[in-house]
Structures are given as structure tokens and as C-alpha cells.
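Colleague: Have a look at this prediction, sequence included:
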Amino acid sequence: MLAPLCPAESPAKLDGMPHLSWKTLMAAAVAGLGVVSGSIAAPVPALFGPLRPTPPATYDTVATWLRDSSAPPDPHTTAPPEVAAFFARLTSAEAIGLAHRFPEIVGNLDGVPAAVRYRANQTRDPRLAGRQILAFDDRADGRIAEVFGDLDAAERVVVLVPGVDTSLDNFDEGLGGVRRRSPAWQARQLFAWVHVERPSARVAVVAWLGYDPPEGFGSDVMREERAAAGAGSLSRFVDGLVLGRPARSVAVVGHSYGSTVAGLAAPVLSGQVSDLVALGSPGLGVGERSELHSDARVWACAAPDDWIRSVPGVRLLGVGHGRLPSDPEFGALPLPCDDVEGHDGYFADGTSSLRALRAIAVTGPNGDLR
């Protein structure tokens, strides 16, 4: 019951993976050929319905926003601290008024108070009522970030970054309708496990689909352009999470290609990120832990039968993501996962990986319980 994914993660495709040469797959990726034909999995009903061309911030919307009498900041160029400073000057009524008039902007703008972003996104799509949605974009494959727990009270925040083929359509149900692949389910699962053991834990978990993961088994999967774009968005998102909260610490957990996003973000992530976790990772974009240029603790594991173990740990001419972090030579701290099944089982009930993630979630940078 878990996760975002990397290349073909449907059971039917994975059963055939050992018969495909990874050299062949990488060569095909370089050439832009489709080695694996067809879609990864049969489409499932979209929870949010068919995607409609409703941009979160069209040119006209931004132009109208910038002409508002409150003199709001440019959403494209203003950093989270300046955004936060602007909203701090508003009354509650003024902030909510902007959320109702410009939900596409306010609901996705890092630095805006969480409660105001929740209100904006619920205004934009009433089906989100009752959920804590910190970002929402229904263009193309979509973007969404959902919070589990009380973000305002949290001293510890865990951000889950999913991988290939994750989209708004399968954010809740999982790719192919497989629940363990759902980022929302994974975040809810970790949050529940944390609070069953420690009900008073001041921990929030965020399922963050804030970038455009690659689709299928094309060349984008073997390359890092999508991951690099996601890394910039992740860094800005984390900056918003820790803004004005010097005691808050963050753990970033990347699954599959999502770990590549986290790895590329590592050098520019806030110093309040104390832990980076790579689950079933094809590589963090570097050859060893020291090349991440981060003071965070780095954890990694790959299940015994996770097909990701067959991925060559190389990075050559823009193809590949470097040494697998689950390789002891990489230098990451080992995360237990010997009882995990496949590429998607890291959040399954009772697994050693879920228990380890729970321990990371409740442990601050100095070993203090949150």
C-alpha cells in the first residue's frame, strides 16, 4: 500500500523486467525509443474527474492580481519570505478575500499561511473540502500537495516525494488502482503509524506531488531534467515550510524517481532538513554520499526483490542517476527493509521500513522526540 513509482511499476510489466537488458533499456532511452510498448497500466477513474484547462495562474489572472489594491507580490519572482511578509500585513478578512478572488495563485504560493492556502484550494475545487490541500493544479498531469496532521503545530514535517507516472488522477487511488502506490495513502499510513505509537507527536506528513514526473519508460526516466525542475520546486516548498519556524525540522522521503528529485535538491535544501531518505532509488544524481553537499542524515534501502536493484548505478552523458544509494559503497545509512516486497511495499503495515520511517519521523536532528 504505497508509492509513487519509477518506470513500469505495474505488476504485469515488472514480472517481465528481468528479461530486459538494462543496457538495452538505457540505449533505447538515449535514442528516445519505446522499448516497453503501451501504457504502464490501464487507466483508472480519476478522483478529480477529467483534467480541464484551468491554469492555476494564467497571464490575465496574474495581471489582475498585480493590479489589486492590496499591492500583492509577483507570484513568479517573489521568494517565500517576502510573500509571508506581505500576508502578515493583511487582516484575516483581507487574506481570505484574496484567497477567494485568486485561488489559483494563493493556493499554490509558498509563503502564504497554510490555512489560507487550504481555503483557496477548497474555493477552487469544492471537492477538496475537508482536506488540507497546500497546492493544487489540474492542468495536464496535475500537481497536488496534501497535509496530514496539524501543520501549524508541527515541530517535525515529513515530505514524501513520489516518482514516475504519479499524477493527479492516481494521487489517491494509486497507479493502476493499486493503493500502495498512492502518495496520499502512503502519507496517511505513515501519519497513522506515528500517532498510534505517540498520539501527542507534533508531526505532520505531506504528500508532495509538486513536480511533473516522467511517464512510462521513455528517455525522461533515464535523464534528470524533470528531477532538476522538481528539485527547484521542492527547495522552495521546504523554504515555505520552515519560514519563521527555526525549531522545525524536516525529513524528505523520496521513492524511486522521487529520490532523484530529493538528491538533486539536497545541496540547496534548507539547513533545517535533517534527514533524506531514498526508497527503491535509481540514484540521487551523484556517485557517493559526500557529493550531495548536505549535512542531513542520508538513509537508503532497496527491498530484496525490488527490480530497482537491476538498474546500473551509472551516470554517463546525461543518462542514469549515479550509484544506487542502497549500494554500501555509496555511504548512506542503511534503512531496514529485508521484509519488504517489491518496489511498492515500503509503507506496508508492519514492515521494518515503515517502522524505521516512523522512528525518523518522530526524531529531531539532535535525537529528541517530537
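Modeller: Looks like it arrived, so ask away.

Colleague: hmm, what's the outermost residue in this structure?
Modeller: No residue in the chain sits farther from the centre than residue 69, which is 35.2 Å out by CA atoms, centre = their mean.

Colleague: Give me the phi and psi for the residue nearest to residue 168 when sequence neighbours are not counted.
Modeller: In space, and not counting its chain neighbours, residue 168 is closest to residue 142: 2.6 Å by CB to CB, 6 or more residues apart in numbering. All C-beta spots, glycine's among them, are computed from the backbone N, C-alpha and C. Dihedral angles of residue 142 (phi, psi; degrees, to the nearest 10) stand at phi 90, psi 160.

Colleague: Could you report the neighbour count for residue 142?
Modeller: 19 (other CB atoms under 10 Å).

Colleague: So for it, what's the pLDDT?
Modeller: Among the per-residue scores, residue 142 shows a pLDDT of 96.

Colleague: still on that earlier bit, helix or strand: which one has the residue farthest from the centre of the chain?
Modeller: Using DSSP states H and E, residue 69 maps to neither a helix nor a strand.

Colleague: What segments of the stretch 1-150 of the chain are helices?
Modeller: 11-16, 22-31, 59-66, 80-88, 92-101, 103-106, 114-124 (DSSP state H, counting those that start in this stretch).

Colleague: which one of the ones you listed lies closest to residue 263?
Modeller: In terms of CB to CB, the element of the helices of the stretch 1-150 of the chain nearest to residue 263 is helix 22-31, at 18.7 Å.

Colleague: Could you list the low-pLDDT ranges of the stretch 51-200 of the chain?
Modeller: Scanning the stretch 51-200 of the chain for pLDDT under 70 picks out 51-57.

Colleague: about what we covered before: quick check, the residue nearest to residue 168 in contact with residue 170.
Modeller: No: using CB atoms under 8 Å, residue 142 is not in contact with residue 170; the gap is 9.8 Å.

Colleague: For residue 208, pull up the helix or strand it's in.
Modeller: Residue 208 belongs to strand 203-209, assigned by DSSP H and E.

Colleague: Which neighbours in the sheet does that strand have, and how are they oriented?
Modeller: strand 143-148 (antiparallel), strand 156-161 (parallel) (DSSP bridges).

Colleague: and those, which is most packed in?
Modeller: Greatest average neighbour count among the strands paired with strand 203-209 goes to strand 156-161 (a mean of 28), per mean count of other CB atoms under 10 Å.

Colleague: List the buried residues in the strand holding residue 208.
Modeller: Within strand 203-209, the residues that qualify as buried are 203-209, counting by 16 or more other CB atoms under 10 Å.

Colleague: Please identify the buried residues of stretch 183-194?
Modeller: Neighbour-count burial for stretch 183-194 [16+ other CB under 10 Å]: 183-191, 193-194.

Colleague: Send me it as PDB with only the CA atoms.
Modeller: Extracted as PDB, the C-alpha positions of stretch 183-194 are listed here (Å, rounded to 0.1, in the frame of the first residue of the first chain):
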ATOM      1  CA  PRO A 183       1.100   9.100  -2.300                       C
ATOM      2  CA  ALA A 184      -2.000  10.100  -0.300                       C
ATOM      3  CA  TRP A 185      -2.300   6.600   1.100                       C
ATOM      4  CA  GLN A 186       1.400   6.500   1.900                       C
ATOM      5  CA  ALA A 187       1.300   9.800   3.800                       C
ATOM      6  CA  ARG A 188      -1.800   8.800   5.700                       C
ATOM      7  CA  GLN A 189      -0.200   5.400   6.500                       C
ATOM      8  CA  LEU A 190       2.900   7.000   8.000                       C
ATOM      9  CA  PHE A 191       1.000   9.600   9.900                       C
ATOM     10  CA  ALA A 192      -1.300   6.900  11.400                       C
ATOM     11  CA  TRP A 193       1.700   4.800  12.400                       C
ATOM     12  CA  VAL A 194       3.400   7.800  14.100                       C
END
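
Colleague: can you list the residues that contact that stretch?
Modeller: 1-4, 146, 148-149, 158, 160, 162, 166, 171-172, 174, 179-180, 201, 203-209, 255, 347, 349, 354-355, 357-358, 361-362 (CB atoms under 8 Å, 6 or more residues apart in numbering).
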